[in-house]
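*Asks:* Got a predicted model here, sequence first, then my questions.
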Amino acid sequence: MKEVGKEVSRYVAGDAKALRQTVDLTLARNAFQRKVLDGLQMVPRGAVVSYQALGTTVGAVKAARAVGNALHNNPVPIYIPCHRVIASDGRLGGYVGGTACKLQLLRSEGFAVGSETANMSGTTVWGHRGTKMYCRLDCRVAAHGDRARIIFFANPEEARRAGMRSCKVCQPG
């Protein structure tokens, strides 16, 4: 337990590679929860996704509430980063460790967040899982994309690190 505590402390302090323990999902309550937790592991550090988008990723398009319930019972928060899931309207949503902890974790990953919403800063970009392209938040191309396939990145560097390419229309950097 001491090692896990040290890893989490280093992670919150900004050490992106601090989490080294192997995650065992045998405590997942059911197959759906395991599917949600497996899908969530694909959301990289420096990115957030909506409950709806995560549900779509795991094949449950209209199951945002069920996704939230699965995350509420996450047996290994931080290691399986349920703090990276927000509401479609930008509200933070819940977190088993409380809102203050969720805010601290998102800030440590580069997001400018207020107390109630993930206030997307000027550096935040949209990434589209289908096209593997990222855009500025005000880009007309992103506005037409399927919101269920959108992931937000703290900045263009995080999007590139996740394998996304820059939009040729809005040229976000």
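*Replies:* All right, it came through fine.
*Asks:* What are the boundaries of the helices in the protein?
*Replies:* With DSSP state H as the criterion, the chain has helices at 2-12, 31-40, 51-57, 64-72, 99-108, 140-143, 156-161.
*Asks:* And those helices: which comes nearest residue 134?
*Replies:* Proximity to residue 134, assessed across those by CB to CB, is greatest for helix 156-161 (3.9 Å). From N, CA and C alone the C-beta is placed, and that goes for glycine too.
*Asks:* Walk me through the domains of this protein.
*Replies:* Per the record, the chain has its domains at 2-108, 125-166, by automatic domain parsing.
*Asks:* Return the most buried member of the ones you listed.
*Replies:* Mean neighbours per residue, mean count of other CB atoms under 10 Å, is largest over the domains of the chain for domain 125-166, with a mean of 19.
*Asks:* rewinding a little: list just the one of the domains of the chain that sits closest to residue 173.
*Replies:* The nearest among the domains of the chain, by CB to CB, is domain 125-166 at 4.4 Å.
*Asks:* Just the pLDDT for residue 118.
*Replies:* Note for residue 118: predicted pLDDT of 55.
*Asks:* wait, I meant residue 108
*Replies:* Value for residue 108, per-residue pLDDT: 86.
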